[in-house]
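> For reference, the sequence and a predicted model appear below.
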Amino acid sequence: MKIVIANGTHEADFIIKKFKKDKHKLIVINSDKDFGNYISSSNRLPVIFGDPSKAYVLEDAEAWDADVFIALSTNDIDNYVACITAKKLFNIKRVVSVVRNPKRVDLFKTLGIDSVICSTYLLGESIKNESIIEDFIKTISIENEKIVITELIIEKQCLIVNQKIRNANIPQYLNISCIYREPEVIIANGDTIILPNDKLVIATTPEHHLEAIEFIQRKEIPHAS
């Protein structure tokens, strides 16, 4: 994949090292020359110095048609402008923005940012859902919150009940890893049928964690008598 990493300090360095292991093509843009030099020497790759919200900087970086654009500035508005510029002018398929203000998460999504990440927002939503969803069992994060593993008990009213996994329109961001069905543990495949009281073990990313829970928990709407 072609990935553009815009601004950021130590989090940018961490992400670059992760992606570099997987042989992705990385374009790194940073407006902080001192930290940009550190990233360049630490990762042995070139860094374009400049403001990633400016079209001419993205043009100099040859960011056209990248698969992912990740904005890591400490300024939420700078991240938004950079993402929209990348998406609208440079045909970048998916834009991701970090935000510091949790009130801006839903706003940024409404305004066209594909993924909006805020640690405070995720914490608040996780606490809220754990307290109100009865069949929410537990959630753990691994690899520095890169993957979230969740266990959910399936109620008989859920839309996913009695369907084969291949026919359940499972979104791409959600993977059903296995099913606890007393006394068995079932490794799920496309032909596995989900039954009431199954305990599903699902894997997803932090930004899609809540959407995944909502999808699994969807219930039939009772017909009016």
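In hand now; what should we look at?

> Show me how the record splits the protein into domains.
2-117, 121-217 (automatic domain parsing).

> ranking these by burial, who's on top?
Highest mean neighbour count of the domains of the chain: domain 2-117, a mean of 18 (counted as mean count of other C-beta atoms under 10 Å). No exception for glycine: its C-beta is placed from N, CA and C like everyone else's.

> Please compute how far that domain lies from its chain's middle.
From the chain centre to the centre of domain 2-117 is a distance of 15 Å (C-alpha atoms, centre = their mean, to the nearest Å).

> for stretch 149-157, same thing?
With C-alpha atoms, centre = their mean, you get 21 Å for stretch 149-157.

> same check, this time on stretch 153-166
A distance of 24 Å separates the centroid of the chain from that of stretch 153-166, by C-alpha atoms, centre = their mean.

> residues in contact with that stretch?
If you take C-beta atoms under 8 Å, 6 or more residues apart in numbering as the criterion, stretch 153-166 is touched by 135, 137, 168, 176, 188-200, 216-220.

> Averaging pLDDT per element, find the lowest-scoring helix or strand in this structure.
The least trusted helix or strand in the chain, going by mean pLDDT, DSSP states H and E, turns out to be strand 136-142, with a mean of 47.

> Tell me which helix or strand comes right after it.
Sequence-wise, the next helix or strand beyond strand 136-142 is strand 147-153, with elements assigned using DSSP states H and E.

> and that following strand, how far from the chain's centre?
Counting by C-alpha atoms, centre = their mean, strand 147-153 is centred 15 Å from the centre of its parent chain.

> cool, stretch 101-120 as well?
The chain centroid and the centroid of stretch 101-120 are separated by 12 Å under C-alpha atoms, centre = their mean.

> quick check: mean pLDDT across that stretch?
Across stretch 101-120, the average pLDDT comes to 86.

> Give me the contacts around it.
Against stretch 101-120 from outside (C-beta under 8 Å, 6+ apart): 76, 80, 83-84, 87, 94-100, 121, 124, 206-207.

> Same question for stretch 48-59.
Residues outside stretch 48-59 that contact it (C-beta under 8 Å, 6+ apart) are 4, 6-7, 27-31, 33, 36, 60-61, 71, 73, 78, 81-82, 85-86, 89-90.

> Of those residues, which belong to helices?
Lys33, Gly36, Asp60, Asp78, Val81, Ala82, Thr85, Ala86, Leu89, Phe90 (DSSP state H).

> which of those lies closest to Leu152?
Checking the ones in helices among the contacts of stretch 48-59 against Leu152 by C-beta to C-beta gives Ala86 as the nearest, at 35.3 Å.

> Contacts only, for that closest one.
Ala86 touches Val4, Ala6, Pro52, Leu58, Ala63, Ala66, Phe69, Ile92, Val95, counting by C-beta under 8 Å, 6+ apart.
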